[in-house]
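K.L.:
the sequence isn't on hand, but the structure is:
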């Protein structure tokens with residue numbers, strides 16, 4: 001299916017919540033797709049989406065991982081952001097992890113490694129960057145019960161260490177933070193760290209506490225919400241921010257805000273939702289392309305606008321808006337301006353799934369049968385990870401993958417059947 005057809009299909013799925021400034025169906029076929037390559041993890045978090053069985057489950061075979069990556073392209077096209085995740089994917093053999101990232105990049109996907117960072121060494125990140133890794137997402141917060149760290153402020157030491165591991169590798173650095181009842185009061189300190197390190201950090205994602213998986217804690221209290229997290233970010237910025245200028249998926253699920261940071265000040269990239277909507281409508285050929293880096297995107301956008309005289313006035317107004325607002329801070333920072341996007345993810349409790357939000361989901365997990373909403377997948381995880389699978393190997397033979405125990409080998413009439421051995425951790 002052509003990309004234009006996939007976009008049309010996505011837009012049809014979004015019709016019941018559609019807005020002209022909605023990215024999905026206009027410039028993106030999907031927000032992102034997770035491909036889980038292991039269920040094992042080296043932490044036991046207070047809030048955890050994994051299953052009680054996760055530590056005992058063998059890694060799915062490489063051939064099945066590759067097939068699921070192919071399915072991402074089949075369903076959503078090339079250029080899609082794909083999360084290589086788990087468990088913690090760094091617990092898979094590093095040779096295999098590198099092969100997986102390379103495969104994803106080679107078939108036209110944008111791979112991101114999602115990890116708690118413990119085993120994500122500089123050496124590993126260098127190798128992954130060489131084969132096509134685009135983003136590195138570190139998850140660090142107090143739900144992880146890291147020895148010797150009892151507060152988010154103390155965890156900034158680990159965050160700083162992880163920044164240095166990724167610095168200079170050409171990767172966009174993302175930090176995932178679970179916002180929960182006990183750390184909400186520390187959110188300002190976390191935000192200051194992200195703002196002050198915007199030269200390396202490209203995106204700060206805040207995942208709101210949800211009751212799902214094997215975690216010890218239940219649902220969040222009223223203090224933790226999209227609204228309160230937005231208010232805290234606005235307090236740091238010292239201004240109201242245009243959270244509705246750009247839409248990504250269902251408004252109750254995600255809030256997306258691209259900003260510029262200079263001299264410690266935060267400025268929104270765009271405030272006018274009408275401008276975003278018109279841009280998406282008028283420059284479909286621009287927004288439907290994929291770009292190797294931000295510089296290429298900006299250069300292409302400028303060239304496209306220059307070819308459309310009716311947009312010259314709006315482009316000058318947009319440019320003047322930034323000159324007027326950023327000039328003083330830019331001069332004080334000697335011209336240093338960095339992009340930092342804030343993203344809030346409002347995950348649903350397993351027992352309170354909303355069918356409307358599931359239908360409009362922008363964050364999918366690729367299973368053996370196809371894509372499933374992340375919240376639905378987490379709520380019914382065992383249904384997906386405990387399945388026995390028949391996996392075709394390089395020789396065309398079907399191997400039986402049994403997640404928990406070894407069944408007796410059998411042979412079909414048409415294919416050789418082999419039993420997969422237990423996968424080693426390293």
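P.N.:
Structure's in. What do you need? Fair warning: this is a prediction, and the values are worked out from it, not measured in the lab.
K.L.:
every contact and neighbour count from this point should use C-alpha atoms.
P.N.:
Fine.
K.L.:
this structure: strands as residue ranges?
P.N.:
Counting by DSSP state E, the chain has strands at residues 32-36, 81-85, 110-115, 135-139, 172-179, 201-208, 254-262, 265-268, 338-345, 363-367, 370-373, 389-392, 398-401, 417-419.
K.L.:
residues in contact with the fourth one?
P.N.:
Yep, that's strand 135-139 we're talking about. Applying CA atoms under 8 Å, 6 or more residues apart in numbering, the contact partners of strand 135-139 are 111-117, 162, 166, 171-177.
K.L.:
run me through the strand neighbours of that strand, direction for each.
P.N.:
strand 110-115 (parallel), strand 172-179 (parallel) (DSSP bridges).
K.L.:
before we move on, what about the second one?
P.N.:
Looking at strand 81-85 with DSSP bridges, its partner strands are strand 32-36 (parallel), strand 110-115 (parallel).
K.L.:
need the winner for burial among those strands.
P.N.:
Across the strands paired with strand 81-85, averaging neighbours per residue (mean count of other CA atoms under 10 Å) puts strand 110-115 on top, at a mean of 25.
K.L.:
quick one: it to chain centroid distance?
P.N.:
8 Å (CA atoms, centre = their mean, to the nearest Å).
K.L.:
average pLDDT across it?
P.N.:
Throughout strand 110-115, pLDDT has a mean value of 98.
K.L.:
over to stretch 254-263?
P.N.:
Per-residue pLDDT over stretch 254-263 has a mean of 95.
K.L.:
so what touches that stretch?
P.N.:
When contacts are defined by CA under 8 Å, 6+ apart, stretch 254-263 is touched by residues 195, 198, 226, 242-244, 246-248, 266-270, 326, 329-330, 332-333, 335-346.
K.L.:
what comes up buried for that stretch?
P.N.:
254, 255, 256, 257, 258, 259, 260, 261, 262, 263 (16 or more other CA atoms under 10 Å).
K.L.:
ok, now stretch 152-167?
P.N.:
Residues of stretch 152-167 classed as buried: 152, 153, 155, 156, 158, 159, 162, 163, 165, 166 (neighbour count, 16+ other CA under 10 Å).
K.L.:
on that earlier part again, in TSV: the strands paired with strand 81-85, plus distance to residue 22.
P.N.:
Below are the strands paired with strand 81-85 laid out as TSV (distance: least, CA to CA, whole Å):
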stretch	distance to residue 22
strand 32-36	15
strand 110-115	21
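K.L.:
winner for burial among the strands of the chain?
P.N.:
strand 110-115 (a mean of 25).
K.L.:
and residue 165, how far from residue 122?
P.N.:
In this view, residue 165 and residue 122 are 5 Å apart by CA to CA, to the nearest Å.
K.L.:
if we can go back for a sec, dump the strands of the chain into JSON lines; add distance to residue 314 as well.
P.N.:
Shown next, in JSON lines, are these (distance: least, CA to CA, whole Å):
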{"stretch": "strand 32-36", "distance to residue 314": "31"}
{"stretch": "strand 81-85", "distance to residue 314": "30"}
{"stretch": "strand 110-115", "distance to residue 314": "32"}
{"stretch": "strand 135-139", "distance to residue 314": "32"}
{"stretch": "strand 172-179", "distance to residue 314": "30"}
{"stretch": "strand 201-208", "distance to residue 314": "27"}
{"stretch": "strand 254-262", "distance to residue 314": "19"}
{"stretch": "strand 265-268", "distance to residue 314": "17"}
{"stretch": "strand 338-345", "distance to residue 314": "22"}
{"stretch": "strand 363-367", "distance to residue 314": "33"}
{"stretch": "strand 370-373", "distance to residue 314": "38"}
{"stretch": "strand 389-392", "distance to residue 314": "54"}
{"stretch": "strand 398-401", "distance to residue 314": "57"}
{"stretch": "strand 417-419", "distance to residue 314": "63"}
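K.L.:
out of those, flag the one nearest residue 313.
P.N.:
Closest approach to residue 313 among these is made by strand 265-268 (20.2 Å; CA to CA).
K.L.:
one step back: nearest to residue 371, of the buried residues of stretch 254-263?
P.N.:
Residue 371 has its nearest neighbour among the buried residues of stretch 254-263 in residue 254, at 18.8 Å by CA to CA.
K.L.:
who's that closest one bridged to?
P.N.:
Residue 254 has the following beta-bridge partners by DSSP bridges: residue 345.
K.L.:
from what I see, residue 102 and residue 129 are in contact.
P.N.:
No - here residue 102 lies out of contact with residue 129, judged by CA atoms under 8 Å, at a distance of 9.3 Å.
K.L.:
which residues of the stretch 201-350 of the chain score low on pLDDT?
P.N.:
284-294 (pLDDT under 70).
K.L.:
mind redoing it with 90?
P.N.:
Where the stretch 201-350 of the chain drops to pLDDT under 90, the residues are 213-220, 279-312, 314-315, 318-325, 328-330, 332-335.
K.L.:
for stretch 54-68, buried residues please.
P.N.:
Of the residues in stretch 54-68, 54, 57, 58, 59, 60, 61, 62, 64, 65, 66, 68 count as buried by neighbour count, 16+ other CA under 10 Å.
K.L.:
I'd like these as a markdown table, with pLDDT appended.
P.N.:
Shown next, in a markdown table, are these (pLDDT from 0 to 100):
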| residue | pLDDT |
| --- | --- |
| 54 | 93 |
| 57 | 95 |
| 58 | 95 |
| 59 | 96 |
| 60 | 95 |
| 61 | 95 |
| 62 | 96 |
| 64 | 97 |
| 65 | 98 |
| 66 | 97 |
| 68 | 98 |
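K.L.:
residue 353: which of those is nearest?
P.N.:
If you rank these by distance to residue 353 using CA to CA, residue 54 comes first, at 22.4 Å.
K.L.:
identify the residue spatially nearest to the closest one, adjacent ones excluded.
P.N.:
residue 39 (5.0 Å; CA to CA, 6 or more residues apart in numbering).
K.L.:
straight-line length of stretch 238-250, end to end?
P.N.:
This stretch, stretch 238-250, spans 27 Å end to end (CA to CA).
K.L.:
residues touching the nearest residue to residue 125 once chain neighbours are set aside, list them.
P.N.:
Distance criterion CA to CA, 6+ apart; nearest residue to residue 125, sequence neighbours excluded, is residue 166 at 7.0 Å. Contact analysis of residue 166 by CA under 8 Å, 6+ apart lists 122, 125, 136, 173.
K.L.:
separation between the last one and residue 122?
P.N.:
In this structure, residue 173 and residue 122 are separated by 13 Å, where distance is defined by CA to CA.
K.L.:
distance between stretch 31-44 and the chain's centre?
P.N.:
Centroid separation for stretch 31-44 versus its chain: 12 Å, with CA atoms, centre = their mean.
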